[in-house]
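Q: Below are the sequence and a predicted model; questions follow.
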Amino acid sequence: MLLASFTGQPLEAGLDEAGRGCLAGPVFAAAVILPPDFAPAGLTDSKLLSAKRREALREIICREAVAWAVAEASPDEIAAYNIAQASYLAMHRAVTDLRITPTHLLVDGNRFKPYAGIEHTCIMRGDGLYLHIAAASVLAKTFRDDRMCALAAEYPQYNWSQNAGYPTAQHRAAIRAHGPTPHHRMGFRLL
């Protein structure tokens, strides 16, 4: 059973990102504040869930969360700042976009760039420990997957609807055959 809160504060927000290790596409982040009684069956780290289950949970989270927001940093921003800083940028944008200001940020991972005026705590593998981080994990992953499927319609040869921009053998073979797109992260080793 995942925990509801780290601090016990009712407006604690969970933060997570998706797409950090990809060769293409933006990095997405989500911030989620959940009601105290929120406990949908099966909510955990999005990487452990089927696509169908993630989509079902996304609908529940978006409907029942006190507040939620999803934001991104582009491949150009990733190139300009590096992937870690771009991830923090996406997380900050998600926090800024919340309709309610959180009292505390619980961040999946071991590092975070402080957000002005709001204390934070980093939790390694927090998406498997805390409900609101798991919810943020689901939103970041599903919204990013949607974006990569939309981009796949423009660039079908890279199979982004299946690999979401991650460095699979098929994705690298497509880069070798067709070259990079404007959505590839040029600061990453593509081949």
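A: In hand now; what should we look at?
Q: For the rest of this, base every contact and every neighbour count on C-alpha atoms.
A: Will do.
Q: Flag every buried residue along stretch 29-44.
A: A29, A30, A31, V32, I33, L34, P35, L43, T44 (16 or more other Cα atoms under 10 Å).
Q: any chance you could map the strands in this structure?
A: Assigned by DSSP state E, the chain shows strands spanning 12-18, 27-33, 67-73, 104-108, 119-123.
Q: picking up where we left off before, would you list the buried residues of stretch 29-44 in CSV and tack on distance to I123 and pLDDT?
A: Converted to CSV, the buried residues of stretch 29-44 look like this (distance: Cα to Cα, whole Å; pLDDT from 0 to 100):
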residue, distance to I123, pLDDT
A29, 16, 98
A30, 16, 98
A31, 15, 98
V32, 15, 98
I33, 16, 98
L34, 18, 97
P35, 20, 96
L43, 17, 94
T44, 15, 92
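Q: Same list, those, but as TSV with distance to S5 please.
A: Listed next are the buried residues of stretch 29-44 as TSV, based on distance: Cα to Cα, whole Å:
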residue	distance to S5
A29	19
A30	17
A31	14
V32	12
I33	10
L34	9
P35	10
L43	15
T44	14
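Q: Closest one of the residues you listed to L191?
A: A29 (26.2 Å; Cα to Cα).
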